[in-house]
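1. What follows is a predicted protein model with its sequence.
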Amino acid sequence: MMIVMKETATDEEVEAVVAKIERAGARAHRSTGARVTVIGAIGDVEQDASVASLGLEAHPGVDRVVPILKPFKLASSQITHGERTVIDIEGRKIGGDNFAMIAGPCTVESREQTMETARVVRDAGATLLRGGAYKPRTSPYAFQGLGQEGLRLLAEAKEETGLPIVTELMDISDLEPVLEVADVIQIGARNMQNYPLLTEIGRSGRPALLKRGLSATLDELLMAAEYILKEGNPNVMLCERGIRTFETAYRFTLDLMAVPVLKQLTHLPIIVDPSHAAGRRDLVGPLSLAAAAVGADGIIVEVHPNPDEAICDGPQQLRASDFADYSHQVAQAAALAGKALSAV
Ligand code: PEP
Ligand code: MN
């Protein structure tokens, strides 16, 4: 249920509606837009029925009460009345008219590799630094990431470059050390439906980058986001990273149609990962331009000083020496879609 307040509604009237919703056992999520305040009453079927029976239509300050039509409530664009969520990461804005360039290695391998990549992407105007310390690998025999040592190197890279850090959390038991370093917690494609993990990240309040599962529908992606939002964490960005189809000519199929469709369905920022979709460096440039042109709010891309020697995902990582040119071109495509590269 969604309670749309009148433009003239006072704070007291909003508070009174919130209190009534909570007394009926539902959660009240307030979103204050430029003109009106909207209160989402979120609960199970019974709580929804109790809220419906409150007669809030007649409450002072209430304009109208409307059902939220989608199964994802807090993620739906209906709840913000079409306003887009803008997430602020240490002064860098993601969403709205801002385009985020998130770049860095697949995995943290060494101090030199991490620092060099961080400096290169910072100098080229990157918004955030990515890098995995805990890596979800298909083979249990493959390199699994440097773990806590990787986190320390990311902290050092932030210290030196000032770039906020995006890094993946795979296991709830690593939440504390990850929270010490991550400005944005990445949830990998394979964990998109790890509901206890999503709930904990929601409770942590830390901004989250939620990657679409390999075979997840957009509805499933939005329901996964709802697990984080429901805990009171509004800072969720969604990431299209390629889905599995019958096509075998490339690693995954980058579903760029997801970008405009998600924009209709949700107010959350949409990031595109061309690296993991393509699996090949030569495709990363064109896919990034297309993603920017189709209205993505940002790109997350893998970059390495020497991809031929990378421990993982070497064939898809951009050469650090090519990054400045790449970033410049993507920024031009983003500008065509009305977005400017977000930096401080
Ligand atoms: C990654 O970004 O490092 C990664 C492993 O991506 P995904 O979860 O999309 O495969
Ligand atoms: Mn990778």
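-> Looks like it came in fine. Ligands and ions are numbered 1, 2, ... in the order given.
2. mind listing what the closest residue to residue 338 other than its chain neighbours touches?
-> Of all residues not flanking residue 338 in the chain, residue 97 sits nearest, at 6.2 Å (CB to CB, 6 or more residues apart in numbering). (C-beta placed from N, C-alpha, C; glycine too.) With contacts defined as CB atoms under 8 Å, 6 or more residues apart in numbering, residue 97 is in contact with 338, 339, 340.
3. Just confirm residue 42 contacts residue 26, I think it does.
-> Yes: assessed by CB atoms under 8 Å, residue 42 is found in contact with residue 26 at 6.0 Å.
4. picking up where we left off before, can you pick the most crowded of the contacts of residue 97?
-> The most neighbours of any of the contacts of residue 97, using other CB atoms under 10 Å, belong to residue 339, which has 21 neighbours.
5. Check the closest residue to that residue other than its chain neighbours and give its pLDDT.
-> Spatially, and ignoring its direct neighbours in sequence, residue 339 is nearest to residue 99 (3.9 Å; CB to CB, 6+ apart). Here, the pLDDT recorded for residue 99 equals 98.
6. now residue 99, which residues is it bridged with?
-> residue 341 (DSSP bridges).
7. For the residue nearest to residue 338, grab phi and psi.
-> Dihedral pair for residue 97: phi -90, psi 10, per degrees, to the nearest 10.
8. Can you tell me how far it is from ligand 2?
-> In this view, residue 97 and ligand 2 are 29 Å apart by CB to the ion, to the nearest Å.
9. what's the spacing between that residue and residue 272?
-> 17 Å (CB to CB, to the nearest Å).
10. For whichever residue of the stretch 1-150 of the chain sits closest to ligand 1, give its distance to ligand 2.
-> Going by CB to the nearest ligand atom, ligand 1 is nearest to residue 132 of the stretch 1-150 of the chain, at 4.8 Å. According to CB to the ion, residue 132 and ligand 2 sit 7 Å apart.
11. Once you drop chain neighbours, what's closest to that residue?
-> In space, residue 132 is closest to residue 107, 4.5 Å off (CB to CB, 6+ apart).
12. And for residue 224?
-> Among residues not flanking residue 224 along the chain, residue 192 sits closest, at 5.1 Å (CB to CB, 6+ apart).
13. Phi first, then psi, for residue 27.
-> The phi/psi pair for residue 27 (degrees, to the nearest 10) is phi -90, psi 140.
14. tally of neighbours for it?
-> With other CB under 10 Å as criterion, residue 27 counts 16.
15. Quick one: residues contacting residue 104.
-> 117, 118, 121, 126, 129, 130, 131, 166, 302, 303.
16. Make CSV from these and add secondary structure to it.
-> Converted to CSV, these look like this (DSSP: H, G, I helix; E, B strand; the rest coil):
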residue, secondary structure
117, helix
118, helix
121, helix
126, coil
129, strand
130, strand
131, coil
166, strand
302, strand
303, strand
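17. Give the buried subset of the residues you listed as a ChimeraX selection command.
-> With 16 or more other CB atoms under 10 Å as the criterion, this ChimeraX line picks the buried residues out of the contacts of residue 104:
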select :117,118,121,126,129,130,131,166,302,303
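18. could you check the distance from the residue lying closest to residue 91 once chain neighbours are set aside over to ligand 2?
-> With sequence-adjacent residues excluded and distances taken as CB to CB, 6+ apart, residue 91 is closest to residue 344, at 4.6 Å. Separation of residue 344 from ligand 2 (CB to the ion): 27 Å.
19. was I right about residue 344 contacting residue 93?
-> No: counting by CB under 8 Å, residue 344 sits too far from residue 93 to count as a contact (9.7 Å).
20. Local confidence estimate at the closest residue to ligand 2 within the stretch 51-200 of the chain?
-> Residue of the stretch 51-200 of the chain nearest ligand 2, by CB to the ion: residue 106 (3.2 Å). For residue 106, the pLDDT comes out at 98.
21. Contact partners for it?
-> Residue 106 touches 131, 132, 135, 275, 302, 304, 310, 312, 313, 316, 317, counting by CB under 8 Å, 6+ apart.
22. quick one on the thing from earlier: tally of neighbours for the residue of the stretch 1-150 of the chain closest to ligand 1?
-> 26.
23. Give me the phi and psi angles of it.
-> Note on residue 132: backbone dihedrals following degrees, to the nearest 10 are phi -90, psi 130.
24. likewise residue 298?
-> phi 170, psi 170.
25. Same question for the one 10 residues further on.
-> Recorded main-chain torsions at residue 308 are phi -60, psi -20, according to degrees, to the nearest 10.
26. residues in contact with it?
-> Residue 308 neighbours (CB under 8 Å, 6+ apart): residue 314.
27. if I look at residue 27, how far off is ligand 2?
-> Relative to ligand 2, and taking CB to the ion, residue 27 is found at 36 Å.
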